[in-house]
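K.L.:
Below is the structure, and that's it, no one-letter string:
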């Protein structure tokens, strides 16, 4: 069989593209899933210096674990799916993945964003789920520190406030966000960005609410966020400033981990498959830009 030059070029191009796809696929396959406690906790093992936990998106409602009798009991609907969409968005963009930890047990049974007493309310099986969830986060932190010496932690949540904005919690209350810039600067070592400050050349106020903050970057993708240059604080709406997990892994830790709590609106983000994927791509891109600007971590985007 005789091929002309155009046919040869076409075959070469197809072969080259196929090889690129194979390489990308193999790179993505470096990640894997681990499960514990009857698959009630899942760990999508990553290879990026990024850790995302989703404590309140669980759907499993076993009869052998009694309902919790106090504390917040509501599910953050579809945050389990959103966490996986963000995971996949990173793979699509970079060929690599963040570490993702998901509690699949419904919040009515365990709250993995509270200390264990309130979280499990003395039920041994709920306590095992709580310990497995935090054990996986600890494992991810160790992996990130060994490979990169620093990392970003995000605790992923959902809220249904009327304004439908992304709320980024840095362990600074809304009342404090409304204070003067000098008063905010005084809070920098009590924020979830504390561990980023020694190595970053970016002033704290820019990290918190400037154009290159996570809120500022997400605004560019048409996802209104607070705090950000456009919305430095919440006026009438409620605002979640961050909870147990953010405090534990970003403020009280001895490791070089920093981050925030992300409270994602239902409308326009968690309500449909298409909206989740659109948000996930913007969120992943914003994280990559944030880390490049402020942490000097250059995660290459292969497929913009």
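P.N.:
Nice, I can see it. Predicted, not measured: the structure shown is a model, and the values here were computed from it. Numbering: from 1, shown residues only.
K.L.:
which of the residues in stretch 245-258 are buried?
P.N.:
Buried positions in stretch 245-258, judged by neighbour count with 16 or more other Cβ atoms under 10 Å: 245-251, 253, 255-258. Quick note: C-beta positions are derived from backbone N, CA and C, even for glycine.
K.L.:
taking those one by one, which sit in strands?
P.N.:
Counted as lying in strands by DSSP state E, out of those, are 257-258.
K.L.:
Need the pLDDT of residue 11.
P.N.:
The confidence metric pLDDT takes the value 40 at residue 11.
K.L.:
what's near enough to touch residue 110?
P.N.:
Residues near residue 110 by Cβ atoms under 8 Å, 6 or more residues apart in numbering: 58, 65, 68, 103, 119-120, 126, 129-130.
K.L.:
typo on my end, residue 236
P.N.:
For residue 236, counting by Cβ under 8 Å, 6+ apart, there are no contacting residues.
K.L.:
and if you look at the one 5 residues further on?
P.N.:
Applying Cβ under 8 Å, 6+ apart to residue 241 gives the contacts 169-174, 261.
K.L.:
go with 6 Å
P.N.:
With contacts defined as Cβ atoms under 6 Å, 6 or more residues apart in numbering, the neighbours of residue 241 are 169, 172-173.
K.L.:
Residue 48 too?
P.N.:
Taking Cβ under 6 Å, 6+ apart as the criterion, residue 48 is in contact with 96, 98.
K.L.:
do that again at 7 Å, thanks
P.N.:
Contacts of residue 48 were listed using Cβ atoms under 7 Å, 6 or more residues apart in numbering, and they are 90, 96-98, 299.
K.L.:
Is it correct that it falls within a helix?
P.N.:
No. Assessed by DSSP: H, G, I helix; E, B strand; the rest coil, residue 48 does not belong to a helix; its assignment is coil.
K.L.:
on that earlier part again, top of the contacts of residue 110 by neighbour count?
P.N.:
Within the contacts of residue 110, residue 103 tops the neighbour count with 30 neighbours, counted by other Cβ atoms under 10 Å.
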